[in-house]
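J.: I'd like to go over a predicted model; first the sequence, then the structure.
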2 protein chains.
Amino acid sequence: MRVAILAHERFPDRAKTAVGVLRYGDREVVAVLDRTLAGDRVNDHVPDIQDAPIVTSIDEVDDIDALLVGIAPIGGDFDETWRPDVRGALERGCDVVAGLHCFLAEDDEFARLADEHGAELRDLRRPPEDLTVSDGTASDVDADVVLTVGTDCSVGKMTTTFELVERARERGIDAAAVPTGQTGVLVADYGIAVDRVVADFAAGVVERMVEERAADHDLLVVEGQGALCHPAYSGVTTSILHGAMPDALVLCHAAGRETVHGYEHVAVPSPGEYADVYESVADPVSPTRIAGGALNTRRVDSDERARERVEEYGDAIDAPATDSVRFGVDPVLDAVLKSVAG
Amino acid sequence: MRVAILAHERFPDRAKTAVGVLRYGDREVVAVLDRTLAGDRVNDHVPDIQDAPIVTSIDEVDDIDALLVGIAPIGGDFDETWRPDVRGALERGCDVVAGLHCFLAEDDEFARLADEHGAELRDLRRPPEDLTVSDGTASDVDADVVLTVGTDCSVGKMTTTFELVERARERGIDAAAVPTGQTGVLVADYGIAVDRVVADFAAGVVERMVEERAADHDLLVVEGQGALCHPAYSGVTTSILHGAMPDALVLCHAAGRETVHGYEHVAVPSPGEYADVYESVADPVSPTRIAGGALNTRRVDSDERARERVEEYGDAIDAPATDSVRFGVDPVLDAVLKSVAG
């Protein structure tokens, strides 16, 4: 599948989805659209991911199957300056895929163009219509299931999920991600944004995905959302924990994060306490353990200091730890595989 | 407000909503519609609630403001045998209020009749359009907030909620319920069914209700849903716990319940363990304690044996306990008031 990624004025630092697709996706990326960086290449800005030319508009891109909207502004609205690119893609019969809060399919012009040119508008945040409550059966699947959980939002759950899958595949394990947020869904071209599902069905939709993916793979890494003691998002976190019934957990944390991001009046419990809370809430439904930890040390300057922080973190949660990006996920993957085998 | 309640073929045992409105509601109930019991009175079947004649159809009822659908079949669908009554109500300009999964306002005939006769169709399960995520601020309200939580579904959270409010009012306290499920919403004519809200907004909607009700009342009793270790509904439970930020919890349990209702492969943790899990999940967001317990002893034959079970239950959770219906809520209300004052 050949795609172009729209990332105007935001590539690469504020284009998490675009970078995710380039780093972890299976699609061939023909071009990135960013009018402020046109003429550069992806690798001029991010060296270790799939390379592609950066261009001004869809007019400079030929022969693609789909245009992905690879940025999500705060609020999730559509930016009208993107309209000519989406229009141009649809007019040549290309699908357009987006994870915005507002749905492309509800835009009259886009709906008409898609219809006229036989193109599909895929709004990844729109949940399926036929959802149900959980049956409490995900633990019966014929695959090992790992769930990344966190002490807060934006601590590296999605990154750790995809790093674990990628590294497991490199070792010859038939691994797959179960993405639960719009960015992960766009990256993997599979999944459902659980936070947009009716609350009663949130665990059910995770169970359904786990059972579906387990039929085709041996190791599943479910992407967690939010945090169990988050003032706003804990419901989604709990639904994923109980819906997925994981065999092992990987606890993700950001070095130095002491209060909940955006809720600075709420303290984040210590990693050790947090590990206990996750285990005690999981236990009655489907017992599981924190098998490993991922510490995001992006804000720690030296590798040496980062190593120390990772070591302290591992001690605190009593499990092998790493920084998934800085040091790679091998120690945690080893621990997870040992845990699910045991 | 004068109302009639539709409860065909299900009054009283399978008409939880109808009985709730008669027991706890502020509305004057002019009649109950149940074609199988027509000619009887409510008190022939349930002695200790508001009395009213039971009639065959809306044609025998005059001068009401609204018809309430007081039953909710499994699946929550509309039963076509109710159509003549709903039609009759709308034709005379009466509002029709329902908590069904399918929405009356989406029925073409009902929508047309409501429009023609200036009547309103109120679907209580339909969430408001303008929901947002929680700000984590409910603990700042100028009212004491109590939340009923449970070890499972159907253990008496709604009943205990309304009993606490009623008894507090009898003592001269300006108390109000914050209903979170369609039955409670219909009973209190206020509230939002949290299980139907988009998962991301579930805590936010509870926070909004608590802040709204706290402006007018001194003591709020928030109706909990599901259970924190329930395979399907734990997300809703957690959202209510963190959204409401209660000053005290009342733990509801059913005597003898050892497995999760409908999920018999999942054991219910002991009440003492469950109390600890609720407290440890609440703690990082807004610390609270189990101040009292409500044990549903409906299936225990003798009062003496029921008293023993209540005492054992109180010991297990280390708090005063009662059966809210059999023995009244006074001991738990005392404990709650002491806890929120302390």
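T.: On my side now, so go ahead. Residues are numbered from 1 along each chain as shown, chains lettered A, B, ... in the order given.
J.: quick one: the strands in the stretch 201-342 of chain A?
T.: Remark: strands assigned in the stretch 201-342 of chain A by DSSP state E, counting those that start in this stretch are A:219-223, A:248-254, A:259-260, A:263-267, A:289-296, A:321-322.
J.: What of the stretch 51-200 of chain A?
T.: In the stretch 51-200 of chain A, the strands defined using DSSP E, counting those that start in this stretch lie at A:54-55, A:66-69, A:95-98, A:121-123, A:144-150, A:175-178.
J.: hey, which of the ones you listed is tucked in deepest?
T.: Mean neighbour count (mean count of other CB atoms under 10 Å in any protein chain shown) peaks for strand A:144-150 among those, with a mean of 28. C-beta: built from backbone N, CA, C; applies to glycine.
J.: any low-confidence regions in chain A?
T.: Filtered on pLDDT under 70, chain A yields no residues whatsoever.
J.: Let me see the domain layout of it.
T.: A:2-123, A:138-341 (automatic domain parsing).
J.: Helices of chain A, residue ranges please.
T.: For chain A, the helices defined by DSSP state H cover A:16-24, A:42-45, A:83-91, A:108-117, A:157-170, A:182-188, A:202-214, A:234-244, A:271-282, A:303-317, A:330-341.
J.: Which one, of the ones you listed, ends up nearest to chain B?
T.: For those, proximity to chain B was assessed by CB to the nearest CB; helix A:234-244 is nearest, at 3.3 Å.
J.: what angle sits between the closest one and helix B:271-282?
T.: Using axes from the mean of the first three to the mean of the last three CA atoms, to 10 degrees, the direction of helix A:234-244 lies 130 degrees away from that of helix B:271-282.
J.: burial measure for A:Val236, as a count.
T.: By the measure other CB atoms under 10 Å in any protein chain shown, the count of residues near A:Val236 is 33.
J.: and A:Ser280, what does it touch?
T.: Applying CB atoms under 8 Å, 6 or more residues apart in numbering or on different chains to A:Ser280 gives the contacts B:276-277, B:280.
J.: Repeat the analysis, applying 7 Å as the threshold.
T.: Residues near A:Ser280 by CB atoms under 7 Å, 6 or more residues apart in numbering or on different chains: B:277, B:280.
J.: Check whether A:Gly224 really touches A:Gly150, as I assumed.
T.: Yes: in this structure A:Gly224 lies within contact range of A:Gly150 using CB atoms under 7 Å: 6.0 Å.
J.: Tell me the residues that contact both of those two, please.
T.: Among the neighbours of A:Gly224, those also in contact with A:Gly150 (CB under 7 Å, 6+ apart) are A:Lys157.
J.: tell me the most buried of the domains of chain A?
T.: For these, average neighbour numbers computed from mean count of other CB under 10 Å are highest in domain A:138-341, which has a mean of 22.
J.: Give me the distance between the two termini of that domain.
T.: Domain A:138-341 has its terminal residues 18 Å apart, counting by CA to CA, to the nearest Å.
J.: again, but for stretch A:55-69
T.: Across stretch A:55-69, first to last residue, CA to CA, it's 14 Å.
J.: B:Asp77: which of the strands of the stretch 201-342 of chain A is closest?
T.: Between B:Asp77 and the strands of the stretch 201-342 of chain A, the tightest spacing by CB to CB is seen for strand A:219-223, at 33.0 Å.
J.: so how far is that closest one off the chain centroid?
T.: Offset of strand A:219-223 from its chain centre (CA atoms, centre = their mean, to the nearest Å): 11 Å.
J.: and it, is it in reach of chain B?
T.: No: judged by CB under 7 Å from any CB of the partner chain, strand A:219-223 makes no contact with chain B; its nearest approach is 14.8 Å.
J.: So which bits of the stretch 101-250 of chain A are right by chain B?
T.: So the stretch 101-250 of chain A meets chain B at A:133-134, A:136, A:194-200, A:202-204, A:228-229, A:231-236, A:238-239, A:242 (CB under 7 Å from any CB).
J.: try 6 Å
T.: Counting by CB under 6 Å from any CB of the partner chain, the stretch 101-250 of chain A comes close to chain B at A:133-134, A:136, A:195-200, A:202-203, A:229, A:231-232, A:234-236, A:238-239, A:242.
J.: number of nearby residues for the closest residue to chain B within the stretch 51-200 of chain A?
T.: Per CB to the nearest CB, A:Gly136 is where the stretch 51-200 of chain A lies closest to chain B, at 3.3 Å. As a burial measure, A:Gly136 scores 24 neighbours (other CB under 10 Å).
J.: Now do the same contact list for it.
T.: B:231, B:263, B:266 (CB atoms under 6 Å, 6 or more residues apart in numbering or on different chains).
J.: Leaving out chain neighbours, which residue sits closest to it?
T.: B:Pro231 (3.3 Å; CB to CB, 6 or more residues apart in numbering or on different chains).
J.: rewinding a little: of all the domains of chain A, which lies closest to B:Glu211?
T.: domain A:138-341 (13.8 Å).
J.: Relative to the whole chain's centre, how far out is the closest one?
T.: Distance, stretch centre to chain centre, for domain A:138-341: 10 Å (CA atoms, centre = their mean).
J.: farthest residue from the center of chain A?
T.: A:Glu116 (33.0 Å; CA atoms, centre = their mean).
J.: ok, back up a step: dump the domains of chain A to CSV, plus distance to B:Ala98.
T.: Shown next, in CSV, are those (distance: least, CB to CB, whole Å):
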stretch, distance to B:Ala98
domain A:2-123, 28
domain A:138-341, 18
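J.: What residues does the residue nearest to A:Gly136 make contact with?
T.: Contacts for B:Pro231 (CB under 6 Å, 6+ apart) come out as A:134, A:136, A:242, A:285, B:263, B:266.
J.: With distance to A:Val165 added, can I get those in JSON lines?
T.: Formatted as JSON lines, the contacts of B:Pro231 follow (distance: CB to CB, whole Å):
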{"residue": "A:Ser134", "distance to A:Val165": "24"}
{"residue": "A:Gly136", "distance to A:Val165": "26"}
{"residue": "A:His242", "distance to A:Val165": "22"}
{"residue": "A:Val285", "distance to A:Val165": "25"}
{"residue": "B:Tyr263", "distance to A:Val165": "30"}
{"residue": "B:Val266", "distance to A:Val165": "29"}
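J.: which residues touch stretch A:335-342?
T.: With contacts defined as CB under 6 Å, 6+ apart, stretch A:335-342 is touched by A:144, A:146, A:247-248, A:291-292, A:320.
J.: how about 10 Å then?
T.: Contacts with stretch A:335-342, where a contact means CB atoms under 10 Å, 6 or more residues apart in numbering or on different chains, come from A:143-146, A:164, A:168, A:171, A:173, A:219, A:221, A:246-250, A:288-293, A:314, A:319-322, A:329.
J.: A:Val197 and B:Val198 touch, don't they?
T.: Yes: taking contacts as CB atoms under 10 Å, A:Val197 lies within contact range of B:Val198: 7.1 Å.
J.: Quick check: neighbours shared by those two?
T.: Jointly contacting A:Val197 and B:Val198 under the rule CB under 10 Å, 6+ apart are A:127, A:236.
J.: do you know how far the residue nearest the centre of chain A is from A:Ala254?
T.: By CA atoms, centre = their mean, chain A has its centre lying nearest to A:Gly184, at 3.0 Å. A:Gly184 sits 18 Å away from A:Ala254, taking CB to CB, to the nearest Å as the criterion.
J.: same deal with A:Gly172?
T.: Distance, A:Gly172 to A:Ala254, by CB to CB: 32 Å.
J.: Equivalent analysis for A:Pro269, please.
T.: For A:Pro269, the distance to A:Ala254 (CB to CB) stands at 14 Å.
J.: can you check A:Ser154 too?
T.: Distance check for A:Ser154 against A:Ala254: by CB to CB, it reads 7 Å.
J.: got it, and A:Arg208?
T.: Distance of A:Arg208 to A:Ala254, computed by CB to CB: 31 Å.
J.: what's the answer for A:Ile74, then?
T.: Distance, A:Ile74 to A:Ala254, using CB to CB: 20 Å.
J.: do A:Ala18 as well
T.: A:Ala18 is 22 Å from A:Ala254, where distance means CB to CB.
J.: Kind regards, and thank you for your time.
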